[in-house]
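# Return a 3D structure for these sequence lines:
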Amino acid sequence: PKGTMAFTGKYEFEGDENYDAFVQKIGLPSDKVEMGRNCKIVTEVVQNGNDFTWTQHFPGGRTTTNTFTVGKEADMETMGGKKFKATVKMEGGKLIADFPNYLHTAEICGGKLVEISTSSGVVYKRTSKKIA
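Predicted structure coming up:
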């Protein structure tokens with residue numbers, strides 16, 4: 001079926017929009033704000049049907065991994081390191097997750113990974129190019 005394995009790959013941060021306004025809105029500590037700005041995060045996605053392993057590699061060796069199955073509650077971690085439970089949905093080829101203080105969507109557009117986080121009307125967009 002269309003969309004199967006569409007997310008699998010390695011993506012490197014290419015650019016973002018509205019970073020500062022967004023991290024202020026979600027209350028990210030200032031040290032984490034600086035660390036994340038124009039950060040060459042590499043996102044590695046392994047998709048096996050509805051099962052996903054979503055790993056973010058940060059410069060300096062720190063990684064965050066979220067493992068989830070579409071439609072089932074999973075233990076997740078935010079970019080600020082907070083742990084929470086969420087159920088990821090798939091709608092029209094987009095992954096949608098309700099984080100504690102923002103809504104996050106991810107989709108593959110023209111071979112790029114496009115992630116959009118929305119918090120109280122502030123929209124943060126991050127684009128990553130496929131490198132593997």
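# Going by C-alpha atoms from here, please, whenever you check contacts or count neighbours.
Will do.
# I'd like the distance between K72 and A6.
Counting by C-alpha to C-alpha, to the nearest Å, the separation of K72 from A6 is 20 Å.
# now the lowest-mean-pLDDT helix or strand in the chain, how far from the chain's geometric center?
Using mean pLDDT, DSSP states H and E, the weakest-scoring helix or strand in the chain turns out to be helix 30-36, at a mean of 83. Computed by C-alpha atoms, centre = their mean, to the nearest Å, the separation of helix 30-36 from the middle of its chain amounts to 17 Å.
# related to what we said a few turns ago, for K72 and A6, indicate the residue with more neighbours.
Neighbour totals were compared for K72 and A6, and A6 leads with 16 against 12 (other C-alpha atoms under 10 Å).
# Going along the chain from the helix or strand containing L95, find the next helix or strand for me.
In this assignment (DSSP states H and E), L95 forms part of strand 94-99. Elements were assigned by DSSP H and E; along the chain past strand 94-99, the next helix or strand is strand 102-109.
# tell me the mean pLDDT for the helix or strand following that next one?
Counting by DSSP H and E, the next helix or strand C-terminal to strand 102-109 is strand 112-119. Taken as a whole, strand 112-119 carries a mean pLDDT of 96.
# ditto for stretch 48-64
Taken as a whole, stretch 48-64 carries a mean pLDDT of 91.
# Alpha carbons of it, as CSV, please.
Taking Å, rounded to 0.1, in the frame of the first residue of the first chain, the C-alpha atoms of stretch 48-64 are listed here in CSV:
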residue,chain,number,x,y,z
ASN,A,48,8.1,-1.3,9.8
GLY,A,49,4.4,-1.0,8.9
ASN,A,50,2.9,0.9,11.8
ASP,A,51,5.9,0.4,14.0
PHE,A,52,8.4,3.3,14.2
THR,A,53,11.8,3.9,15.9
TRP,A,54,12.5,7.6,15.7
THR,A,55,16.0,8.6,16.8
GLN,A,56,17.5,12.1,17.0
HIS,A,57,21.2,12.3,17.1
PHE,A,58,22.5,15.6,18.5
PRO,A,59,26.0,17.0,17.9
GLY,A,60,28.2,15.9,20.8
GLY,A,61,26.8,12.4,20.9
ARG,A,62,23.4,12.8,22.8
THR,A,63,20.5,10.8,21.3
THR,A,64,16.8,10.7,22.0
